[in-house]
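Chemist: This is a predicted model, with the sequence first.
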Amino acid sequence: MEICRDTGSMIALSDRWRAEGKPIVLVATMGALHEGHLTLVSRARDWLSERGGGRVVTSIFVNPTQFGEAEDLAKYPRTEEADTALLSGAGVDAIFLPGVADIYLPGAQTIVDVTGLSRVLMGKLRPGHFRGVATVVTKLFNITGCDAATFGEKDYQQLTLVRQMVRDLNTRVEIIAVPTVREADGLAMSSRNQRLTPEDRAAAPVLSRSLDRAQEVAASGGTIAAIRREVVAVLAGEPRGEVQTIDICRASDLSGISGQPNQPVVVLLAVRFGGVLLIDQRVCAPSA
Ligand code: PAF
């Protein structure tokens, strides 16, 4: 497994790989890796096997431009040694571990802004966040020269926004969506889970329970209002969680929907436990 600590060495490695004619898949992360990230890597490997093989590169970069002022960038967990050990066991071919100054060059004037999807839903809660994501993802695509990239469905708005961006900019990178990986009690895996107190950790599976309920209501022909009502009721049963947003949108493009859905909808939750904001989502199919 190769480790590239700057853009130049990553580009040189990617050029060498590309000369071999095999595809490259990027698994972009901010480190603090867990089982969910390893599932992204394993999906990347499967995608490559289906195409006769190739290389997986995982980037680890805590991207400052996607953190708001109130969010503590400095507190974001950094576990490079453990991450490297996990990735080497997972069969990754290279890790790209750039520094901030390497990614954000002095005098840079260009940002990538997916103007609609950046400003709705979680974008309202975290102004500037998705602009930071879109900009860094574009850079990571360009530096690694990847043919495909995995994105978790857990960050559903991010996944939808990256798909839109690739479409809008004619970027020749295939986006591979990977279902959310959950703990045994249903809590979606996230680096943020480590920051929960034991009491909040015990309470947090209420998110997935409320999403299970949403799926049941949708499958039995419930309206958007009925789905919302049931999600609110389940979440209200756990007072430790401070609900920030409950959004129910068309799963295809995150546009608004009301009445009885005749196409899949996605329920997007953001719930705060102490200082930790947890998100989760479920795509719910309506009754056939
Ligand atoms: O999902 C994440 O970990 C980040 O938003 C990403 C895609 C690595 C960009 O910094």
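Modeler: Sure thing, it's come through.
Chemist: which phi and psi does the nearest residue to residue 68 once chain neighbours are set aside have?
Modeler: Nearest-residue entry for residue 68: residue 126, 5.6 Å, with adjacent residues in sequence omitted and distances by C-beta to C-beta, 6 or more residues apart in numbering. (Glycine included, C-beta is placed from N, CA and C.) Main-chain torsions, residue 126, degrees, to the nearest 10: phi -130, psi 80.
Chemist: Give the burial count for residue 126, as a bare number.
Modeler: Per other C-beta atoms under 10 Å, the neighbour tally for residue 126 reads 19.
Chemist: And the pLDDT for it?
Modeler: Model confidence at residue 126, expressed as pLDDT, equals 89.
Chemist: separation between it and the ligand?
Modeler: Distance, residue 126 to the ligand, by C-beta to the nearest ligand atom, to the nearest Å: 11 Å.
Chemist: That residue and residue 118 touch, don't they?
Modeler: No. Here residue 126 lies out of contact with residue 118, judged by C-beta atoms under 8 Å, at a distance of 9.8 Å.
Chemist: so where do the helices sit in the stretch 1-150 of the chain?
Modeler: In the stretch 1-150 of the chain, the helices defined using DSSP state H, counting those that start in this stretch lie at 7-19, 35-49, 80-89, 100-103, 122-125, 129-144.
Chemist: okay, those, which one's buried deepest?
Modeler: Mean neighbours per residue, mean count of other C-beta atoms under 10 Å, is largest over those for helix 129-144, with a mean of 22.
Chemist: That one: how far from the chain's middle?
Modeler: A distance of 13 Å separates the centroid of the chain from that of helix 129-144, by C-alpha atoms, centre = their mean, to the nearest Å.
Chemist: any idea of the angle it forms with helix 7-19?
Modeler: Computed with axes from the mean of the first three to the mean of the last three C-alpha atoms, to 10 degrees, the direction of helix 129-144 lies at 60 degrees from that of helix 7-19.
Chemist: how long is stretch 267-279 end to end?
Modeler: With C-alpha to C-alpha, to the nearest Å as the measure, the first residue of stretch 267-279 is 11 Å from its last.
Chemist: returning to what we had before: tabulate the helices of the stretch 1-150 of the chain in JSON lines, adding columns for distance to residue 74.
Modeler: As requested, these are exported to JSON lines (distance: least, C-beta to C-beta, whole Å):
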{"stretch": "helix 7-19", "distance to residue 74": "24"}
{"stretch": "helix 35-49", "distance to residue 74": "22"}
{"stretch": "helix 80-89", "distance to residue 74": "16"}
{"stretch": "helix 100-103", "distance to residue 74": "12"}
{"stretch": "helix 122-125", "distance to residue 74": "21"}
{"stretch": "helix 129-144", "distance to residue 74": "16"}
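Chemist: which stretch in the ones you listed is the model least sure about?
Modeler: Mean pLDDT is lowest for helix 122-125 among these, at a mean of 89.
Chemist: What is the neighbour count of residue 236?
Modeler: By the other C-beta under 10 Å criterion, the neighbourhood of residue 236 contains 12 residues.
Chemist: typed the wrong thing, it's residue 149
Modeler: By the other C-beta under 10 Å criterion, the neighbourhood of residue 149 contains 26 residues.
Chemist: now for the helices of the stretch 1-150 of the chain, which one comes closest to residue 27?
Modeler: Of all those, helix 35-49 sits nearest to residue 27, with 4.7 Å by C-beta to C-beta.
Chemist: got the angle for that closest one vs helix 80-89?
Modeler: Using the same axes, to 10 degrees, the direction of helix 35-49 lies 30 degrees away from that of helix 80-89.
Chemist: Quick check: which helices or strands does helix 35-49 pack against?
Modeler: Counting contacts by 3 or more C-beta pairs under 8 Å, 6 or more residues apart in numbering; DSSP states H and E, helix 35-49 packs against strand 24-29, strand 55-60, helix 80-89, strand 148-152, strand 174-178.
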